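Trainee: Give the three-dimensional model of this entry:
(one chain, ligands or ions: 2)
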Amino acid sequence: MDCIFCKTVDKEIETQVIFENEQVLAFEDINPQAPTHLLVIPKKHIPNIQEMDMDDKQQLLPEIFRAIQHIAEEQDLDKGYRVVTNCKDNGGQTVNHLHFHLLGGRHMQWPPG
Ligand code: 5GP
Ligand code: ZN
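Mentor: Ligands and ions are numbered 1, 2, ... in the order given. Model (predicted):
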C-alpha cells in the first residue's frame, strides 16, 4: 500500500515527530498553515473518519484526543487551537490516512473555506 502517512509511521519518510506512543503519532505538517500545524494520526491505517470501526471509535479515538490534549499543553496552546479532520473529496481530504490537523499560534477565522 502506497500511503505516505504509513511510511511516516514506519520512519521511511523523514518528519519532525512531536509525540509518539503505541497507537498515535504526531508530526509537523510539511506545509504549515499556522505557527503550530501538527498532524495527529493513528498508526493503524484507517482511510478517514467515516471508516472507523467500533473498536476504532471506542478505543483509538479517545487515544487520539488524549494525545491532542497533551500536545496542546506541551506546545503552550493555552490561548486556544483548532482541530480539523477533512473527510473525502468534499471535505478537502488529500491524504487518505485518517489525520487530525492541530492548528494554533494565531487567531483562526470562521467560516473555513
Ligand atoms: P488533508 O488535505 O488530507 O486534510 O491534509 C493533508 C496534509 O498533509 C496537508 O496539510 C499536507 O500539507 C500534509 N502533507 C502531505 N504530504 C506530507 C508529507 O509527506 N509529510 C508531512 N509531514 N505532511 C504532509
Ligand atoms: Zn496509511
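Trainee: How many residues are close by the closest residue to V9 other than its chain neighbours?
Mentor: Leaving aside its chain neighbours, V9 sits nearest to K43 (4.8 Å; criterion: C-beta to C-beta, 6 or more residues apart in numbering). C-betas here are computed from N, CA, C, even on glycine. Neighbourhood size, K43 [other C-beta atoms under 10 Å]: 18.
Trainee: And for E28?
Mentor: With other C-beta under 10 Å as criterion, E28 counts 14.
Trainee: Just the pLDDT at it, thanks.
Mentor: Predicted confidence (pLDDT) for E28: 98.
Trainee: same check, this time on L60
Mentor: 98.
Trainee: pretty sure it contacts P42?
Mentor: Yes: at 5.3 Å, L60 counts as touching P42 under the criterion of C-beta atoms under 8 Å.
Trainee: Which one's more surrounded, the two?
Mentor: Shown here are L60 and P42; by other C-beta under 10 Å, P42 has more neighbours (22 against 19).
Trainee: The more buried one reaches Q23, doesn't it?
Mentor: Yes: if you go by C-beta under 8 Å, P42 and Q23 touch, sitting 6.2 Å apart.
Trainee: Pull up the overlap in contacts between those two.
Mentor: 60, 63 (C-beta atoms under 8 Å, 6 or more residues apart in numbering).
Trainee: Can you spell out which helices and strands pack onto the longest strand out of those in the chain?
Mentor: If you go by DSSP state E, the chain has its longest strand at strand 36-42. Counting contacts by 3 or more C-beta pairs under 8 Å, 6 or more residues apart in numbering; DSSP states H and E, strand 36-42 packs against helix 4-9, strand 24-28, helix 61-74, strand 100-104.
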